[in-house]
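[1] sequence plus the predicted model coming up.
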Amino acid sequence: MNLNKLFKVFAVVLVLSMMLAACKTAPVATEAPVVATEAPVATEAPAATEAALVTSSGYVLPAAACAPNCTYNDMVVGFIQTGPEGAWRTANNASFDEAATQLGITLKVYDSQGKVENQISAFQTFIQDPTVNVIILAAVDTKGFDDVLKEAMDNGKIVILEDRSLDSSASLYYTRVGSDFVLEGQKAGTEMCKLLEGMDTKNVLEISGAVGASAGIDRGTGFRQTMEECGITVTATQTGDWKVAPSKAVMEAWLKDPVLKDVQGVHAHNIEEALGAIQAIKEAGLVPGVDIKVVAYDTTKDTFAALISGELSVGVECNPLLGPQVYEIALKGLNGDTSIPSYIVSNESVFTSAQGATELQSILDGWKY
Ligand code: AHR
């Protein structure tokens with residue numbers, strides 16, 4: 001074989017060996033692994049979601065995990081309370097505390113110190129608490145709760161209003177259990193008309209509740225609806241913040257005013273405000289119940305003592321003992337009961353000094369708060 005042919009054979013052998021070597025080091029492209037899948041098997045369509053539980057007011061009940069066999073032991077309540085206001089609020093707290101203990105309910109109470117921003121914050125805390133399934137609110141104001149009510153619903157928490165009302169739509173909470181404050185005011189107006197009957201002037205001073213609270217707003221509305229039947233004039237109104245001392249100061253100033261001191265009646269939005277007004281009336285040398293007729297709300301033991309002494313003329317009942325009733329309704333909610341109405345009113349009475357000391361004392365002897 002001449003040199004030219006020999007060179008060509010060597011070159012071919014060299015190229016082939018280089019190709020062979022390259023093949024050994026390059027990863028061998030493999031087909032992507034194929035995951036064996038079974039042929040799709042026809043499965044049942046996912047069960048249709050359970051029909052939403054909606055009440056007559058349009059409130060969508062969250063589906064509790066324990067439904068429809070929830071018991072009080074399953075209930076964990078976040079209770080957003082107003083904060084200290086007087087004997088009525090103390091009795092209201094006691095009602096929820098005692099009933100929770102008796103029923104085996106886990107109760108987490110938040111004291112809002114009278115501030116709506118604290119109540120919003122408490123809502124958010126209870127919404128984020130995975131153990132809480134019921135939130136109960138005693139509102140310090142009627143406004144500002146829509147967003148947290150929606151958030152509570154979206155996070156499966158049943159919300160019940162106890163005592164006070166809100167401006168919010170009834171579709172945002174399960175129900176409200178509490179007084180008809182407008183009716184209470186109407187009762188007070190009717191009683192004031194009786195007390196001032198036959199007087200030449202019928203000037204009434206009003207010591208109103210804490211600003212923003214539905215109890216005071218509605219009592220004022222109701223009072224004005226019935227006082228007009230007998231020619232009463234409300235000559236001044238100012239908040240006493242549900243408390244004795246500020247109410248006494250307000251009344252003291254009015255009794256020093258040359259115009260306002262011509263007064264025949266006082267409309268106080270709770271018993272502590274009435275007691276403050278009574279102190280000021282006495283310190284001005286006047287006789288409460290004789291010179292000036294005082295009408296108030298809340299029938300605590302202090303109310304009956306003031307009625308028996310004659311210093312208070314009328315006490316319009318506002319029932320604070322709502323715990324058992326609210327818990328019973330909350331349990332119905334956990335178990336999906338959509339028949340509950342959006343408002344459940346407290347049945348209440350009126351007590352007057354005219355009933356006499358003997359009858360009032362016998363009522364007081366059996367009174368719970
Ligand atoms: O909402 C009820 C009212 O709130 C009571 O009449 C008053 O005493 C309390 O502070």
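    Good, I have the coordinates.

[2] helices along the stretch 101-250 of the chain, start to end?
    Counting by DSSP state H, counting those that start in this stretch, the stretch 101-250 of the chain has helices at residues 116-128, 146-154, 181-196, 214-227, 244-256.

[3] was I right to think Glu348 contacts Phe181?
    No - using CB atoms under 8 Å, Glu348 is not in contact with Phe181; the gap is 10.3 Å. Backbone N, C-alpha and C define where each C-beta goes, glycine included.

[4] joint contacts of these two?
    Residues touching both Glu348 and Phe181 by CB atoms under 8 Å, 6 or more residues apart in numbering: Cys318.

[5] show me which of the two is the more surrounded one.
    Taking other CB atoms under 10 Å, Glu348 and Phe181 do not tie; Phe181 has more neighbours (26 against 16).

[6] gap between the two ends of stretch 64-77?
    This stretch, stretch 64-77, spans 13 Å end to end (CA to CA, to the nearest Å).

[7] now do the buried residues in that stretch.
    Going by neighbour count (16 or more other CB atoms under 10 Å), the buried part of stretch 64-77 is Ala64, Ala67, Cys70, Tyr72, Asp74, Met75, Val76, Val77.

[8] same thing with stretch 98-114?
    Ala99, Ala100, Leu103, Ile105, Thr106, Leu107, Lys108, Tyr110, Ser112, Gly114.

[9] return the member of these nearest to the ligand.
    Taking CB to the nearest ligand atom as the measure, the ligand lies nearest Gly114 of the buried residues of stretch 98-114, at 9.6 Å.

[10] which ones are touching that closest one?
    So Gly114 contacts Thr82, Gly83, Glu85, Val140, Ala210 (CB under 8 Å, 6+ apart).

[11] same thing but 10 Å
    Contacts for Gly114 (CB atoms under 10 Å, 6 or more residues apart in numbering) come out as Thr82, Gly83, Pro84, Glu85, Val140, Asp141, Ala210, Gly212, Ala213, Asp241, Trp242.

[12] pull out whichever of those residues are also neighbours of the ligand.
    When the contacts of Gly114 are filtered against the ligand using CB under 6 Å from any ligand atom, the residues retained are Glu85, Trp242.

[13] low-confidence ranges, this structure, go.
    Residue ranges of the chain with pLDDT under 70: 1-50.

[14] Asn155 touches Thr125, doesn't it?
    No - the criterion here is CB atoms under 10 Å, and Asn155 misses it with Thr125 at 12.0 Å.

[15] overlap of the contact sets of the two?
    Common neighbours of Asn155 and Thr125 (CB under 10 Å, 6+ apart) are Val132.

[16] which residue, other than its chain neighbours, is closest to the residue most central in space within the chain?
    Most central in the chain under CA atoms, centre = their mean is Leu137, positioned 2.1 Å from the mean C-alpha point. Once flanking residues are discounted, Leu137 sits nearest to Ile80: 4.8 Å by CB to CB, 6 or more residues apart in numbering.

[17] on that earlier part again, narrow the buried residues of stretch 64-77 to those in helices?
    Per DSSP state H, helices hold no members of the buried residues of stretch 64-77.

[18] of all the residues you listed, which two lie farthest apart?
    Pairwise distances across these (CB to CB) peak at 16.5 Å, for the pair Ala67 and Val77.

[19] sticking with the residue lying closest to Gln361 once chain neighbours are set aside, tell me its helix or strand.
    Distances taken as CB to CB, 6+ apart place Ile308 nearest to Gln361, at 6.2 Å, with adjacent residues excluded. Assessed by DSSP states H and E, Ile308 sits inside helix 301-309.
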